[in-house]
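Student: Turn this into a model:
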Amino acid sequence: MTLQRADVRQHLSRILDEEARLLSDLEALLRDETEILKSDDVDAIARIGSTRQRCIDALTRLDGERADNCRMLSFGEGRGALGRLYAWCDAGGTLEARWRANLKIARRCQQLNDTNGAIVTAKLSRVQQLLMVIRGTPAPPVYNARASRYGVLGRRDLGRA
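Tutor: Numbering: from 1, shown residues only. Down below sits the predicted model:
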């Protein structure tokens, strides 16, 4: 059985369509997640986290499917392989252009995810600080400008009103 270029192109086009839809969904989810993280709604955070994970899993499956096509059609592995596959079945370059458009959305998703990660890290740090106060454990050591280590910072009179 021989695969026709048009059939491969149609298959890759379907993958790109589904990927574009999933990336758009993921971008919207990450924007929603930013707002939810700011609101401290634990149940909403859990719900959106599982929805995001399903979207990531579907994107990972599509990427694997695309890589399988490259290997199956003897184009090898990696980004160069995908470019060769697109060039082989789509001389006009529309598939590669769509793939690059998807990469732009993926980069925006990565930036949003990094922002959300920073929000989570800041919140966890704040919770850790509050727990240390409640438990009465000393603050972690800090360093001054000369890299000398301070111990626990004691009370200081910062001024009088």
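Student: C-alpha from now on. contacts and neighbour counts both.
Tutor: OK.
Student: so which helix or strand takes in L103?
Tutor: In this assignment (DSSP states H and E), L103 forms part of helix 94-135.
Student: which secondary structure elements does that helix contact?
Tutor: helix 5-39, helix 79-89 (3 or more CA pairs under 8 Å, 6 or more residues apart in numbering; DSSP states H and E).
Student: Go through the first one and flag the buried ones.
Tutor: Of the residues in helix 5-39, those buried by neighbour count under the rule 16 or more other CA atoms under 10 Å are 8-9, 12-13, 15-16, 19-20, 22-27, 29-31, 33-34, 36-37.
Student: so where is this structure shaky, pLDDT-wise?
Tutor: Applying pLDDT under 70 to the chain picks out residues 1-3, 139-161.
Student: center of it, which residue is that?
Tutor: For the chain, Q110 is the residue whose C-alpha lies nearest the centre (CA atoms, centre = their mean; 4.1 Å).
Student: Please identify the helix or strand for T60.
Tutor: According to DSSP H and E, T60 maps onto helix 42-72.
Student: tell me the angle of that helix relative to helix 79-89?
Tutor: 60 degrees (axes from the mean of the first three to the mean of the last three CA atoms, to 10 degrees).
Student: quick check: angle from helix 42-72 to helix 5-39?
Tutor: Going by the same axes, to 10 degrees, helix 42-72 makes 160 degrees with helix 5-39.
Student: What are the buried residues along helix 42-72?
Tutor: 45, 48, 52, 55, 59, 62, 66-67, 69-71.
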